[in-house]
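Undergrad: What follows is a predicted structure for the sequence shown.
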Amino acid sequence: MDSSATGVVGEQLGRYQLVHKLATGGMAELFLARTSGIEGFEKVVVLKRILGHLRDNETFVNMFLDEARIAANLEHPNIVSVYDIGKVGEDYFFTMAYLHGEDLSAVLRESARSGRGVPLPQALYIIQGVCAGLHYAHEQVGLDGQPLDIVHRDVSTTNVMLTYDGGVKLLDFGIAKAASQSQLTQAGVRKGKASYMSPEQCRADTLDRRSDVFSIGIMLWELTTMRGLFRADNEMAVMNMISNKDATPPSAVVAGYPAELERIVMRALARDRDKRYQTARELQEELECFVRENRLGCTSGALARLMQGLFGEKPLPWAADGSLTKAGITLIPTTDPTQPGSYPEVGSGVVSQGAPTTFPSSAVDVSPPPANARGPLYAAAGALGTAAVAAVLWVSLRGSEGPPPEAPVPKPAATPAVTPKVADADADTIAAPAEVAPAAPPRGPCPEGMVLVDGGSFFMGADSPDPVLAAAGPAHRTEVAPFCLDLHEVTVADYHACSDKGECKRAARRSRWAPSYRKFVADTYSALCNEGRQDVDDHPINCVSWQDAQIYCRWRDARLPTEAEWERAARGNDGRAHPWGDDGLGPERLNACGSECLAWFRRSKIGLERGMFPASDGHVETAPVGSYPEGQGLGGLQDMAGNVAEWTRDDFAAYPEGEVKMPRKAKVVRGASFHSAAPGQADPAFRRGVPGGYQPHDVGFRCATEPREG
C-alpha cells in the first residue's frame with residue numbers, strides 16, 4: 001500500500017520518523033516527527049507533507065514549495081522557524097519548529113468563554129509582536145539583493161500562535177505573495193480569510209505590505225473589544241462590507257475606549273491605503289508610544305501567566321504527564337536505548353499505525369464551535385486534545401476566524417470537574433486507563449482551599465498624606481499568629497451550599513450601603529447584587545451583611561479574619577505596596593474602576609470623574625474569582641485587591657494615636673472592590689467602617705481558621 005496516500009504513522013521519511021498524525025488539510029497533512037543524529041542527538045519537529053493525490057499536480061506542488069522557500073528564509077523571534085525541505089520518492093515535505101501553545105482564535109474563544117477578556121497590556125503586546133514579525137518579512141531581500149516584496153495575505157487570528165512561555169509567532173506563509181515565487185497569483189484570484197482581508201484584497205487588486213497592515217488593524221480592533229469586526233452571512237457579504245463601509249469605531253461598542261488607541265486603530269483600518277500606516281513598524285511604534293504613556297507595559301512572563309490562567313498547566317505532549325504519554329505513545333527508543341538513532345518498528349506498541357489517536361480531554365473546551373467555523377480544524381482539535389494539537393493548528397486549514405459576530409463577552413457557567421477518559425473511538429489501539437483509587441492527599445496544616453499565612457511581626461497601617469488612607473494611620477507594629485485563609489473570596493456557589501440547606505440566610509438582592517440614598521441610586525446599585533443572577537456561580541457573593549458572613553464561616557467551622565490577619569496576608573512582612581508586590585496598578589492585576597467602570601457611572605447618571613487606571617479591566621461588575629493571576633499575593637492568594645472588598649471580624653476603631661470619625665456599630669471592611677476608583681484603596685492598609693447590618697454591593701468576604709496541629 002502507498003504509505004504517502006495513507007499517512008502511515010511510524011514510517012521513515014528521509015531522516016524523519018513520523019510519530020503522530022496531527023491533522024489533514026486540503027493540500028497537506030501534518031505530523032509530529034522526530035529526527036536523530038550522532039551521540040544521542042534527537043529533535044522533535046512538525047513535518048508537513050503534500051497529500052498523495054496532489055503530488056502530481058504541478059500547481060499545488062509549486063504552491064507548497066513556495067511556502068517552504070519563503071518561510072525558510074525568515075529568521076525572526078516572531079515567525080515560526082522552518083528547518084528544511086525535502087523529497088523522498090514522490091513525497092514533498094518540509095519541517096518546522098514545534099510550538100507549544102494556542103492560536104489566537106482559541107485564546108479569544110477561551111477568554112470570552114471565561115468572561116475574562118484579554119487584558120489590554122497583553123493585547124497590545126501580542127499585536128506588537130505580529131507587527132515586528134511582519135515588518136521583518138516585508139523588508140527581506142533575496143541573495144541578489146533585490147526586495148522579495150513578501151505580502152503574507154492571511155494575517156488572522158488562526159495564524160498567530162501564543163506559546164505557553166509567552167511567545168508570539170506568526171504562522172502559515174502558505175499563500176504569501178513574493179516576487180521570487182515560481183507561480184504568481186493570477187489576477188482576479190482572492191486568497192485569505194474573508195473577515196481579515198483588506199479592501200484591496202477583496203477587490204483582487206495588486207497587493208503590497210499595507211494590505212497586511214489592514215489585517216493587523218482588524219485583529220487589534222477585535223482583541224481590544226472582544227467582538228468580531230467584519231461579520232456577515234457569507235464571504236461575499238463580508239468582502240462587500242470591508243470594501244464599502246468604514247470600520248465601526250471601537251468606542252461605539254466599548255464605552256470608555258481610550259481615544260488615542262482608537263485613533264491608532266482607525267488609521268490602521270483606513271480603507272484608502274495611502275491614509276493607512278505605510279509599514280507595520282509605523283503601527284508598532286505608535287502602539288509602543290501609547291503603551292509607554294499609559295504604563296501598559298507587558299512582558300513575555302505576563303503573557304505566559306495569562307495563557308496559564310486561561311488553559312492551565314500544559315505539559316509537552318511527550319512529557320511524563322503529557323498527552324502522548326497518557327495515550328501510550330512514547331518518543332523513547334525501545335529496541336536498544338544504548339544505540340543512537342535506534343527506533344521501534346511500526347506495530348511495536350510504541351507508535352500506533354492507522355487512524356489518529358484520540359487523547360484525553362481534561363482541559364479541552366468541549367463547547368460547540370462558533371457558527372462560522374468550517375473545515376477540519378475543529379475536528380482535529382476535538383480528536384487530539386489541546387495539549388497535543390494546540391501548537392500545530394496553524395496548518396493551512398480553515399477554522400474559526402475570531403470571536404463570534406458582535407457577541408458580548410459571556411459570563412462563565414459553573415463547570416463540574418470531569419475525570420478525563422480516553423475516548424472509545426480508538427479502543428483497538430489504546431487501552432482505557434485502569435481505574436485506580438487516588439492516593440489520599442497529605443494532610444496539611446490548612447483545610448482544602450485555604451492558604452497558610454505565616455505569623456510574625458509587621459507594620460500595620462500606613463503613614464500617608466493620601467486622605468483615602470486617613471483611617472489607616474499611623475503605622476504601628478503588630479504581631480499575629482499563623483493562620484489559614486481562603487485562597488479566594490467566598491463564591492456564590494459556596495454560599496448557596498449553606499443557604500440552600502437553610503443553614504445561612506439567603507444573600508440580599510438589594511444593596512444597602514449608606515444610611516440614606518435616592519431610590520434610583522439604590523436601584524442601580526442593587527442591580528449589582530449577585531443573588532438571583534444567572535451564570536455567576538464562580539463570582540464572589542456580595543450583598544451580605546457582616547452577620548451573614550459570620551454565620552457562613554461558622555458553618556464551615558471557620559471564622560472571619562481579623563483585620564490584622566487580613567493585612568498580614570495582603571502585605572506580608574516586607575512592606576509591599578500591593579498584594580502582588582511593588583509593581584503599579586493596572587487592569588491586568590485587579591478588577592477595580594477602569595474605563596469600563598467610568599462608562600457604567602455615566603450611563604447610570606450617578607457620575608464619577610476618574611478611575612483607578614485609564615484602561616478597561618474587562619469587568620463592569622464582579623469577576624470570577626481568580627481572574628487576575630498577575631494580581632496574586634503571597635501563597636497564591638487571589639483578589640486581595642479588587643473584585644469585592646471584604647468583611648473582617650473587628651469593630652471599626654481608630655488606631656493608637658490615630659483619629660478617625662467612626663460610623664455607629666461599624667465593622668472593618670478591607671480591600672478595594674470593582675468600584676474602587678482611588679489608587680489608595682488598593683493599598684493593603686486601606687480600611688473603612690461599614691455598619692454590620694448593611695449589605696453593600698461591593699463587599700464580600702473570605703474565611704479564616706487556625707492551622708491544624710501535627
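TA: Received the coordinates, thanks. Residues are numbered from 1 along each chain as shown.
Undergrad: average pLDDT for stretch 116-135?
TA: For stretch 116-135, the per-residue pLDDT values average out at 93.
Undergrad: Stretch 292-306 now?
TA: 90.
Undergrad: For residue 213, which residues are in contact?
TA: 268, 276-280, 283 (Cβ atoms under 8 Å, 6 or more residues apart in numbering). C-beta coordinates here come from the backbone N, C-alpha and C atoms, glycine included.
Undergrad: With residue 133 as the reference, measure out to it.
TA: 13 Å (Cβ to Cβ, to the nearest Å).
Undergrad: Report the separation between residue 45 and residue 33.
TA: Using Cβ to Cβ, we find residue 45 at a distance of 5 Å from residue 33.
Undergrad: Tell me which stretches of the stretch 601-710 of the chain form strands.
TA: Counting by DSSP state E, counting those that start in this stretch, the stretch 601-710 of the chain has strands at residues 645-651, 666-670, 687-691, 699-700, 704-705.
Undergrad: Dump those to JSON lines, plus distance to residue 461, mean neighbour count and mean pLDDT.
TA: Below are the strands of the stretch 601-710 of the chain laid out as JSON lines (distance: least, Cβ to Cβ, whole Å; neighbours: other Cβ atoms under 10 Å; pLDDT from 0 to 100):
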{"stretch": "strand 645-651", "distance to residue 461": "13", "mean neighbour count": "23", "mean pLDDT": "95"}
{"stretch": "strand 666-670", "distance to residue 461": "12", "mean neighbour count": "24", "mean pLDDT": "94"}
{"stretch": "strand 687-691", "distance to residue 461": "8", "mean neighbour count": "21", "mean pLDDT": "92"}
{"stretch": "strand 699-700", "distance to residue 461": "21", "mean neighbour count": "30", "mean pLDDT": "96"}
{"stretch": "strand 704-705", "distance to residue 461": "20", "mean neighbour count": "20", "mean pLDDT": "96"}
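Undergrad: now for the ones you listed, which one comes closest to residue 676?
TA: Checking the strands of the stretch 601-710 of the chain against residue 676 by Cβ to Cβ gives strand 645-651 as the closest, at 7.6 Å.
Undergrad: Against which helices or strands is the closest one packed?
TA: Counting contacts by 3 or more Cβ pairs under 8 Å, 6 or more residues apart in numbering; DSSP states H and E, strand 645-651 packs against helix 546-555, helix 563-571, strand 666-670, strand 699-700.
Undergrad: what residue ranges in the stretch 251-400 of the chain score low on pLDDT?
TA: Counting by pLDDT under 70, the stretch 251-400 of the chain contains low-confidence residues at 320, 323, 325-400.
Undergrad: before we move on, what about the stretch 1-150 of the chain?
TA: 1-10, 26, 37-41, 67, 71.
Undergrad: Can you show me the strands along it?
TA: Taking DSSP E, counting those that start in this stretch to define them, one finds strands in the stretch 1-150 of the chain at 12-13, 16-24, 28-36, 42-50, 82-88, 91-97, 101-103.
Undergrad: quick one, phi/psi of residue 573?
TA: phi -110, psi 10 (degrees, to the nearest 10).
Undergrad: residues in contact with it?
TA: Per Cβ under 8 Å, 6+ apart, neighbours of residue 573: 456-458.
Undergrad: Just the buried residues of those.
TA: Among the contacts of residue 573, those scoring as buried are residue 458 (criterion: 16 or more other Cβ atoms under 10 Å).
Undergrad: Return the longest helix in the protein, judged by number of residues.
TA: The longest helix of the chain (DSSP state H) is helix 120-138.
Undergrad: elements contacting that one?
TA: Using 3+ Cβ pairs under 8 Å, 6+ apart, helix 120-138 sits against strand 160-163, strand 168-170, helix 209-225, helix 280-293, helix 300-311.
Undergrad: List the buried residues of that helix.
TA: Those would be 120-138, for helix 120-138 by 16+ other Cβ under 10 Å.
Undergrad: Right, I'll call it a day here.
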